[in-house]
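K.L.:
kindly generate the corresponding structure for this input.
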Amino acid sequence: MSITSIARQRETNLPYYEERVDLAAALRWTARLNMHEAVANHFSLAVGEEGTEFLVNPNLMHFSRVKASDLVLIDANDPDTMGRPDAPDPTAWGLHGAMHRICPQARCVMHVHSVHATVLASLADSVLPPIDQNSAAFHGRHIVDSDYGGLAFEDEGERCARMFTDPKTKVMVMGNHGVLVIGETVAETFDRLYYFERACETYIKALWTGKELRVLPDEVAETVARQVDEYPVAQAARHLAELKAILDEEGSNYAG
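P.N.:
Numbering: from 1, shown residues only. Next up is the predicted model:
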C-alpha cells in the first residue's frame, strides 16, 4: 500500500479501503470507455472470507461519479438488505446477491450492457467464435444464457448464477440482455471485461464486411485460451494500476 493510500485510509477510516479504490477506479474507467448504461449496471466485490459480504456501487449513481466511500457494503445472506436506507438497486441485489451466495469462485462480478457484447447477446447464435487472439482467449471460457426471463430480480438472478457450473467459465453472454464477467479480483475481472468487449467489437465488425471469417481450429483456440490463463506476467494488475495512475495524475476524486 502506498503512503498516499495509507494517509487516505486513515482519513476515511473505511473498511476494505484498497478494494474500494480498485472498484471505484474500474467503474470510472468503464464509464470512460462508454461501456456503462446511464445509472444502471453494477460491479460487486466479495470482501468477507465467506464470500457473501460484498461491496457494490450505490443505487442510481453514475459510474463516472462513484468514489471509494460511496460503495455500499452488504451481505447476500441478509434478508433485510432491501429495507436499508442505502439499499442497492433491486436488480443488483437480485443478480449480484445470487452470484455471491451461489458462486464462491465469483469474488468479483461485473455486469454491463456494453454495445458490442450486447450485440453479440442479440444474435441467434451468441457464441463468440475464435477469429483472433482476443476472442480465442475466451474459447471454452464463456457460456450463453438463452432463457432470458426479464429484469434480473431475485429469481432471474438465481437462475443465472446457477449456470456457472464449470470452473473454467468466466463470462456469461446474457442472451437479449448484456454480459456478466467474474473473477478473483477487480483487476482480473475488469481486464477480462475489457478484452471481451474488444473481442466482441472485432467479431461484430468482421461480420459487417460480409466476408467469410477466418475461424481458428478448436485446438489452436484452446492453446491460446490456456496460454492466457497461465500468462506469467501479472498483466491485469498492471492494467488497473496504470488506469489508477492516470486517474491520480488527472486529480480524480475516485479514491475519496
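K.L.:
residues of stretch 193-207 that come out buried?
P.N.:
193-203, 206 (16 or more other Cβ atoms under 10 Å). For glycine as for every other residue, the C-beta is placed from the backbone atoms N, C-alpha and C.
K.L.:
tell me how far the residue nearest to Thr52 when sequence neighbours are not counted lies from Thr169.
P.N.:
With sequence-adjacent residues excluded and distances taken as Cβ to Cβ, 6 or more residues apart in numbering, Thr52 is closest to Ala76, at 4.2 Å. Distance, Ala76 to Thr169, using Cβ to Cβ, to the nearest Å: 20 Å.
K.L.:
which one's more surrounded, those two?
P.N.:
Just comparing Ala76 and Thr169: by other Cβ atoms under 10 Å the higher neighbour count belongs to Ala76, 21 against 17.
K.L.:
and the helix or strand containing Glu219, how far out from the chain's middle?
P.N.:
The secondary structure element spanning Glu219 is helix 218-229 (assigned by DSSP states H and E). A distance of 22 Å separates the centroid of the chain from that of helix 218-229, by Cα atoms, centre = their mean, to the nearest Å.
K.L.:
pLDDT weak spots in this protein?
P.N.:
Applying pLDDT under 70 to the chain flags the ranges 1-12.
K.L.:
in it, which residue is most central in space?
P.N.:
For the chain, the residue nearest the mean C-alpha position is Met110 (2.2 Å; Cα atoms, centre = their mean).
K.L.:
show me the contacts for that one.
P.N.:
Met110 makes contact with 26, 30, 43-44, 180-182, 189-190, 193 under the criterion Cβ atoms under 8 Å, 6 or more residues apart in numbering.
K.L.:
doesn't it lie inside a strand?
P.N.:
Yes. Counting by DSSP: H, G, I helix; E, B strand; the rest coil, Met110 is found in a strand.
K.L.:
who does it bridge with?
P.N.:
On the basis of DSSP bridges, Met110 is bridged to Phe43, Val181.
K.L.:
tell me where this protein has helices.
P.N.:
For the chain, the helices defined by DSSP state H cover 3-12, 17-32, 90-102, 115-122, 133-136, 154-161, 186-208, 218-229, 235-249.
K.L.:
out of those, nearest to Phe63?
P.N.:
helix 17-32 (3.8 Å; Cβ to Cβ).
K.L.:
one step back: I figured the residue nearest to Thr52 hits Arg101, correct?
P.N.:
Yes. Contact criterion Cβ atoms under 8 Å: Ala76 and Arg101 qualify, at 4.4 Å.
K.L.:
give me the common contacts of those two.
P.N.:
Thr52.
K.L.:
what would the helices of the chain look like in CSV with distance to Ala68?
P.N.:
Shown next, in CSV, are the helices of the chain (distance: least, Cβ to Cβ, whole Å):
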stretch, distance to Ala68
helix 3-12, 7
helix 17-32, 4
helix 90-102, 18
helix 115-122, 27
helix 133-136, 30
helix 154-161, 26
helix 186-208, 12
helix 218-229, 30
helix 235-249, 11
